[in-house]
Each structure stands twice: as structure tokens, then as C-alpha cells.
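J.: Need the 3D shape of this:
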Amino acid sequence: MQKNSLHHILVVILLFVIMASSASAEPDNAELAQSILEKADQIRFPHEGFQVDVNINSTAPDQPADTRKYRVLTKGNENSVVMTTEPASDRGQILLMKGRDLWIFMPDISQPVRLSMSQRLTGQVANGDLARANFAGDYNATILRTDTIDGEKYYVLELTGVDRGVTYHKVLYWVRQSNFWPYRAEFYSLSDRLLKTARYENFQTLLGKQRPTRLVMEDALRKGEQSVLEYSEMKLRDLPDKVFTKDYLKKLE
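T.: The predicted model follows:
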């Protein structure tokens, strides 16, 4: 009888230790994952105010290629302005992002129009892909697993949107373990359907860090449709808060 009681107590203690270990490991995983995500954000873009030109070339089977150019002004990953510079017919269109609120200003419309981050901007590129580069602010991260690709080890992060206002409901994100370079991403809908994939390529030294200067986004549903984003002329800029206001849009050039 005593043996059975002792055995029962030991089992209960063991179960308690396992549960406590699991509970303590989960926050550690989430904390590490969020730290990795923040470091990868800092590789892609600086936290300071900056300007960058983006050329987007979109292709699809049996359709002519479409090329568009934008100038992006960003401050602190929470405020962005995206100005269309080409084609000439769309020049003057401006996206304004504050937090996760997004508006478009068009020269022939007197008031800015509210948009969502997930709406398509051009080709495979959603508004949020260009206007908001803050994964760490939009997603809760966990480490799903580690992968080895071409001899390099990668964290595979599962990113879940903090609310429905983010660009994608879920993202799988490969980040190189040795230097936190982003490698690839898979973007999923609310129904967990794979929408598109992205590859981060052509790392070059920009503003003191090796950063990806090309992003290749491919449609997962329609084979052969892709958009290639080329980043150039990145430079730091002192951007006052008034730049990121609806009243200031008409003054931007």
C-alpha cells in the first residue's frame, strides 16, 4: 500500500516538473523568436528615418511585363510615405501609412481614401509589402524548427498576425542563424492557404550593413506570375513627423 502511494506521489511530482518545464520553455521560445525577428528587420531596413527607391517589375505568362517605380520615405518602421514616380500617368499618387492605418492620395480626388495593407498594389505586391516593413511589430513569432540549406542553418519562424489589420494572416520566415539574414518567406491567408512566396537576394552594403536589395515574390496559386522588387539609392533622412500627415501629402515631391 505504501509502495503504491509513494509511486503515485512520484508520478504526480514528475508530471508537475514536466508541465512546469513546458510552461517555462514556451515564453523562452517566443522571446528568442521575437528577438530573431527584430534582428532580421534591422537587416532589411534601418530603424532611423530613410529614403529608398524601389523598382517593381511584374511578369505573367502571355502578358506584357509591367514596370513601376516608387520612392519610399520611412521613419521608425511605423510611418511611411510611398510616392509613385513611374509610370507618368500614376505620378502624384501617394500612400501614407501611420501605424497600421493606410491611405492613398490621388491628385484628382480631394480627400485621401482608406486602404487595407493586404490590398494589391501592383503584381504580387500588396500595399503592406512596400509601405510597412515592420514584421516584429505586426506578428507574434515562435520558432517552428531549424532547417539546413546548402550547408547553412536557418531558423524557421512561424509568424501570426497580432490582429486582422496586418498584411498577411500567417508567415513562415527563414532567417539565417549565423547573421540573421532573411532568406525566404511564405505568406498565408486567413484560411491557411499559401498565397505567395518571397526570396531575399543580392545582399549589398547599404548604410553600413549587408542588406537584401532584391525581393522576388511569386504567386503560389498562378504559376509563372511574379514581381521582382529592386531597392536602390538608400540614404538616411531627417524626416519630421509632419511629413507623415494627410495634410502634408500635397507638398511632397
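
J.: and the closest residue to residue 219 other than its chain neighbours, how many neighbours?
T.: Spatially, and ignoring its direct neighbours in sequence, residue 219 is nearest to residue 225 (4.0 Å; CB to CB, 6 or more residues apart in numbering). For every residue, glycine as well, the C-beta is placed using N, CA and C. Residue 225: 18 surrounding residues under other CB atoms under 10 Å.

J.: what's near enough to touch residue 225?
T.: Shown in contact with residue 225 (CB atoms under 8 Å, 6 or more residues apart in numbering): 58-61, 123-124, 218-219.

J.: Out of the residues you listed, which sit inside strands?
T.: In strands, defined here by DSSP state E, the members of the contacts of residue 225 are 58-60, 218-219.

J.: Tabulate those (TSV), appending distance to residue 157 and pLDDT.
T.: Listed next are the ones in strands among the contacts of residue 225 as TSV, based on distance: CB to CB, whole Å; pLDDT from 0 to 100:
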residue	distance to residue 157	pLDDT
58	27	96
59	29	96
60	30	94
218	20	96
219	22	94
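
J.: Most neighbours out of those residues, which is it?
T.: residue 58 (20 neighbours).

J.: can you give me the helices in this protein?
T.: 2-44, 127-131, 135-138 (DSSP state H).

J.: Give me the nearest residue to residue 122, chain neighbours excluded.
T.: residue 68 (5.2 Å).

J.: thinking that neighbour is in contact with residue 83, fair?
T.: No: the pair residue 68 / residue 83 is not scored as a contact, 11.5 Å apart, by CB atoms under 8 Å.

J.: ok, back up a step: just give me the lowest mean pLDDT stretch among the helices of the chain.
T.: Of all the helices of the chain, helix 2-44 carries the lowest average pLDDT, namely a mean of 65.

J.: Identify the residues contacting the nearest residue to residue 50 once chain neighbours are set aside.
T.: Leaving aside its sequence neighbours, residue 50 sits nearest to residue 236 (CB to CB, 6+ apart; 5.2 Å). Shown in contact with residue 236 (CB under 8 Å, 6+ apart): 46, 48-50, 207.

J.: Make a PyMOL selection of the buried ones in these.
T.: A single PyMOL command selects the buried members of the contacts of residue 236 (16 or more other CB atoms under 10 Å):
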select buried, resi 46+49+50
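
J.: farthest pair in the contacts of residue 236?
T.: Taking CB to CB, the two most distant members of these are 49 and 207; they sit 11.4 Å apart.

J.: So in terms of bridging, what pairs with residue 176?
T.: According to DSSP bridges, the residues that bridge with residue 176 are residue 154.
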